[in-house]
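K.L.:
sequence first, then the predicted structure:
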Amino acid sequence: MKKPVAIELKNITKTFGEVVANKNVNLTVYRGEILSVLGENGCGKTTLMNMISGIYFPDEGEIFVNGEPVMIRSPKDAFAYKIGMIHQHFKLVDVFTAADNIILGEKMPVYSVTEETKKIKEKMEKELADVSDEKKKKIQAKYLAKIGALPFIKLGKAFKFGHLTKNRAKVLQQIADQYGFEIDLSKKIYDMSVSEKQTVEIIKVLYRGADILILDEPTAVLTPQEIKKLFDVLRKMRESGKSIIIITHKLNEVMEISDRVAVLRKGEHIATVETKKTNEKELTEMMVGKKIDLNIERPEPVDPKPRLEIKNLTIMNKEGGKAVDDVSFVINGGEILGIAGISGNGQKELLEGIAGLQKTESGDIIFHNPKKNKPVTFFHKTLKQIKEMAKQGFFHYPDGKKVDLTGMKKKEIEKLVNEEQILFYEDEIIDLKHKTPLEIRELGIKLSFVPEDRLNMGLVGNMSIVDNMLLKSYRKGKSIFVNRKKPKILADEIIDELEVVTPSDMTPVRKLSGGNVQKVLVGREISSSPKVLMAAYPVRGLDINSSYLIYNLLNQQKQKNVAVIFVGEDLDVLMALCDRILVICSGRVSGIVEGKKAKKEELGLLMTKTEE
Amino acid sequence: MFLTFLHNAINFSTVFLFGSTGETLTEKSGHLNLGIPGTMCVGALGGVVGEYLYIKSLSDVSEMTYGGAVIVPIIFALLFAGFMGLLYSIMTVTLRCNQNVTGLTITTFGVGLANFIGSSIDNSYFSVASNKFFNKGFVSGTDLNWFETLFLSYGTLVYLAIALAIIAAVVLKKTRVGLSLRAVGENPATADATGINVIAYKYAFTIIGSAIAGLGGLFYIMGYVGGSWQYAIDAFGWLAVALVIFSVWKPDLGIIGAIVFGALYIVPNYINVGTKSYIKEIINMLPFLVTILVLIVTSLINKRETQPPASLGLSYFREER
């Protein structure tokens, strides 16, 4: 038996500027089913759903609701077609109660004065039909007063005095009971947990009478128990004949909840399959596609020694959940470590935590400041202290191997020292925990950070290239006046070497194109000859040539024995460029893979691995 | 003595109350209208122009009636001040100019324009209109009991100010329109997504707010000082803006706040400061000091309800992400 079609998309195309977000997408959703829309970041899942819910309007193609072609131009239109979307970032007013949020903006039935007047006149004429003249006047006066009051009644209806308290509690409680929500309707939103907020959003959509519900990454912010509850609710909705579309990239949830899965890749609809007839592996393959050879150079790592050690790092997000959860890894100098993962899984927080921009909850960030080796001399140290130092890795043999002193006697050690068999492992070890970026710089640690948000965090858009160079060096100035000489030289160098297209070095950065902005930023960060270079999505929004230029720059830094962290979203690039790839999922390290041996499917699985 | 003091305080509070009720409504829609002082001046100007035109149309001053002498200036004040609100909305809502800059421009413009025209208008019979109609209470005379003095002896605009403040409070708290308005000021994107016409709300309540504030200027000229043009209206405008903060964006609290401000403003007239006129100046400063205190206290309490609307001062543009 085939279920009736709820909504159908035909050949939907949407472009933003030159970027094609969706291309000829066809999708069908039936009544009483749960459809998962699966895909990597930036594959156009959310754009597609935004077109159904009226936030965007498709460039091409048609949408059919219940078999009829419709135009959805605004969220209002979407409500009219009983489509409701629960956004990833909740659209709720914080200082309102749950109930106020739910009834906000609800349309009232139209109250027409002229029609009401007609009704009253009819009534009056009926009454006037069989009464004496004397009474007639009285009755007429009574009805005229009634008609005169109508505009005021209309005004009152428009403002709806008292309505807020009367009917809503009952209706809302009914909805809550029907689907098994647990909610305190008089609670303020700012007192609520994420899961409660989501419940409010769902009830809001149901209260508006939605038959087609779209949930954008509903489980991203929930605990496993809350997810279970949500799924129970969704199943109840399915039973009552509602259509549910859920956007997700977590495979296990797809398998658990949905009836069918639609897979999108790079804006195109790959396939829609029945969940029962597929498996996680097949879906991953559809999601990530085949490997593409990119021809990005990957020179061998130069003298890889630990540069930055992250130990059990935990960072909280704004909502109080763990953005980075117990992450440990080591980055060597002279290698590029890629970080792969669906965006929003803690990459941003991790990098900002290392750079000193985010408060870390627990864990250590240890920086090894490389210096030359020098002979060991023990002054007044006891054997115990020496052994303790050895354990911490302060000594090594001339060939670089660490010294293990356990079980050695004092004389043996002295002999080794005198013959300069043991060298002091002189890497300065500095804990970066709880240090601000300025403190880190004052410690002499050269840590460069190319943030994701170039024009807000990286550069000042309204300032010229020269002034942006100045931002990193003005503290060195001694005069009270700004000296632009050196920054100007640096700016001109960067413009020259990186081929930045700009009218002059005094042009405000915001007027440059995305690729040129990125070149300026990366150029500045590299110019300080860093020991660690962190780049978050450095090629996002860049054309191919600019991207390759950035890859080359990163490789150059690698060969200068810099530890490079590269957060990327294109798996092909990560696999071609990085020596090792760390995969992060829900703030946890789900695996570290050698770049050469990495397989796309493997990375894809790691990226979507959630704890069972 | 105390009774007359309280009477005068309440009478004078009307200037602030109109301003703060209007500004509260505007701020609830997310717009910080610093043009209120100028708008109040223009409101006064409108009233004066209305009164002038009305008196000119009479063949004899004795023909003056309540409807003409009070209602005509009120309508003119509403229109003139409302126009300033419209100007401000076009600039901040549609063109998305910076609200602070726009507001200050409106103030500079309004004060200059109103003082220029207002001071040169023939106000020969304004005192008649003021005494006979604007300040006419339910009862009048010299031998009033305390109840009559405190509650029944004010002019029309005093009652109108209090009524408007109460209506504004009820609308904000109890009605659907108020709920939508607050949502617009807190989170316009959310309001937009639920189908509220954000732009219309912003326009409507900025204009209504400005129009109401304009009545404050009218009351000061035609009610409080009795018809002669004064240059001090914009100073009360700033106090009205401060009063919005003092009353934590609640028009009903604004009534009490306005009376406190009014009392603080006129108290120097009731104490003998002798030659030490600086004491007067210090007391005149108190309303601002109290406002700073309120700001400190409300931010210390850090309760969400006592904070300004979340998107106050921010322009809203749907397609911005």
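P.N.:
Looks like it came in fine. Numbering: from 1, shown residues only, chains lettered A, B, ... in the order given.
K.L.:
residues in chain B within reach of chain A, list them.
P.N.:
B:170-171, B:174-180, B:182-183, B:186-187, B:189-196, B:304-305, B:307, B:310 (Cβ under 8 Å from any Cβ of the partner chain). (C-beta placed from N, C-alpha, C; glycine too.)
K.L.:
SS state for the residue in the stretch 1-150 of chain A that chain B sits nearest to?
P.N.:
Closest to chain B within the stretch 1-150 of chain A is residue A:105: 3.1 Å, counting by Cβ to the nearest Cβ. Recorded secondary structure, residue A:105: coil (DSSP: H, G, I helix; E, B strand; the rest coil).
K.L.:
among the residues of chain B next to chain A, which are in helices?
P.N.:
B:170-171, B:174, B:176-180, B:182-183, B:186, B:189-193 (DSSP state H).
K.L.:
now a ChimeraX select for only the buried ones of those.
P.N.:
Buried members of these, defined by 16 or more other Cβ atoms under 10 Å in any protein chain shown, are picked up in ChimeraX with:
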select /B:171,174,176,177,178,179,180,182,183,186,189,190,191,192,193
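K.L.:
list the residues that contact residue A:560.
P.N.:
Contact analysis of residue A:560 by Cβ atoms under 8 Å, 6 or more residues apart in numbering or on different chains lists A:334, A:529.
K.L.:
number of residues surrounding the residue of the stretch 1-150 of chain A closest to chain B?
P.N.:
Residue A:105: 24 surrounding residues under other Cβ atoms under 10 Å in any protein chain shown.
K.L.:
look at it and report its pLDDT.
P.N.:
Residue A:105 carries a pLDDT score of 76 in this model.
K.L.:
ditto for residue A:564
P.N.:
91.
K.L.:
tally up the residues packed near the one residue in the stretch 151-300 of chain B that gets nearest to chain A, please.
P.N.:
The nearest approach of the stretch 151-300 of chain B to chain A comes at residue B:194, 3.1 Å away (Cβ to the nearest Cβ). For residue B:194, the neighbour count with other Cβ under 10 Å is 24.
K.L.:
show me the contacts for the residue lying closest to it once chain neighbours are set aside.
P.N.:
Spatial nearest neighbour of residue B:194, chain neighbours left out: residue A:105 (3.1 Å); criterion: Cβ to Cβ, 6 or more residues apart in numbering or on different chains. Residue A:105 makes contact with B:180, B:183, B:191, B:194, B:195, B:196, according to Cβ under 8 Å, 6+ apart.
K.L.:
tell me the contacts of the closest residue to the first one other than its chain neighbours?
P.N.:
For residue B:180, ignoring the flanking residues on the chain, the nearest one in space by Cβ to Cβ, 6+ apart is residue B:196 at 4.9 Å. Shown in contact with residue B:196 (Cβ under 8 Å, 6+ apart): A:104, A:105, B:180, B:183, B:184.
K.L.:
wait, doesn't the first one sit right on residue A:91?
P.N.:
No: counting by Cβ atoms under 8 Å, residue A:104 sits too far from residue A:91 to count as a contact (9.8 Å).
K.L.:
intersection of neighbour lists for those two?
P.N.:
With Cβ under 8 Å, 6+ apart, residue A:104 and residue A:91 have common neighbours B:190, B:194.
K.L.:
could you list the low-confidence segments of the stretch 201-321 of chain B?
P.N.:
Along the stretch 201-321 of chain B, the model assigns pLDDT under 70 to residues B:319-321.
K.L.:
quick one: buried residues of the one helix or strand residue B:27 maps to?
P.N.:
Here residue B:27 sits within helix B:2-28, counting by DSSP states H and E. Residues of helix B:2-28 classed as buried by neighbour count (16+ other Cβ under 10 Å): B:6-28.
K.L.:
do the same with stretch A:262-272
P.N.:
For stretch A:262-272, a neighbour-count test (16+ other Cβ under 10 Å) marks A:262, A:263, A:264, A:265, A:267, A:269, A:270, A:272 as buried.
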